[in-house]
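Asker: Pasting the sequence and the predicted model now:
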Amino acid sequence: MLGFGQELFEKTDIVDEFGDKVGETLRNVSNGTFSNSAANNSDLRVHTILELIPEFKTIEDFKVYQAKTLQEDGYDEKAIKKLQRYAEAGFKHMKNINGTLRFDFYEYGGNKKSLIGIKSGVISIKTSEGKKIKTILGEVPFSTAHESLTITGYKEITAGQMGVKNQISFGYYDWATTEIYDTIVNSKEPIEVVISFGNSTYTFTLKQ
């Protein structure tokens, strides 16, 4: 796991509300600035969490992974069993995902930004070689959690009702999002990032 994308991310313990370790994650902590109608180039801290999705050979493998992930997110055993009734659909969907990048924004260095009500935005990156990738973000990246922006890296452009081709054709997804994911995860050099939504713009650099 740490052999992939380890240049910009480091292994960090996940703890519960009591401070007890419940798992591990790959994280990058960046400093930058944000601007909106009430602030201009104010202090910003961004936690970028990389989740690499393992290869699932069977649905049982997926259920074990799903239960562990839900437990780390604070779900109890009863809630996990309820959610696993829909494991088959999740299994089919997750088999085509390389991973996700989750961005948590801390304005003025400490106040976590709520994303409630946000339904669109723009993400742009620039590599050290000068390559630029930009894409519009729809409602889905903001809907997975009200305090995080999440982009997904897919393995291929798949067909089917829930496939990436349909998501692109109906405007729910842009393949450039996967290009941004792949570029960040595989980079050995700093990546400049600009993310805008609502009336706010967040500027930071992912680096070691």
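Answerer: The structure has been received and is ready for your questions. Numbers count the residues shown, from 1 in each chain.
Asker: tally of neighbours for residue 41?
Answerer: 11 (other Cβ atoms under 10 Å). All C-beta spots, glycine's among them, are computed from the backbone N, C-alpha and C.
Asker: I meant to write residue 11 there.
Answerer: Look at residue 11: counted by other Cβ under 10 Å, it has 11 neighbours.
Asker: list the contacts for the closest residue to it other than its chain neighbours?
Answerer: What sits nearest to residue 11 in space, not counting adjacent residues and going by Cβ to Cβ, 6 or more residues apart in numbering, is residue 24, at 5.5 Å. When contacts are counted by Cβ atoms under 8 Å, 6 or more residues apart in numbering, residue 24 touches 11, 12, 13, 14.
Asker: So which of those residues is the closest to residue 73?
Answerer: residue 14 (9.2 Å; Cβ to Cβ).
Asker: what about the strands in the protein?
Answerer: For the chain, the strands defined by DSSP state E cover 10-15, 21-36, 39-52, 97-107, 111-112, 121-126, 132-137, 149-154, 191-197, 200-206.
Asker: need these in a markdown table with mean pLDDT and distance to residue 58, can you?
Answerer: Formatted as a markdown table, the strands of the chain follow (pLDDT from 0 to 100; distance: least, Cβ to Cβ, whole Å):
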| stretch | mean pLDDT | distance to residue 58 |
| --- | --- | --- |
| strand 10-15 | 83 | 26 |
| strand 21-36 | 90 | 22 |
| strand 39-52 | 95 | 19 |
| strand 97-107 | 94 | 17 |
| strand 111-112 | 91 | 38 |
| strand 121-126 | 97 | 35 |
| strand 132-137 | 95 | 33 |
| strand 149-154 | 93 | 21 |
| strand 191-197 | 98 | 36 |
| strand 200-206 | 98 | 35 |
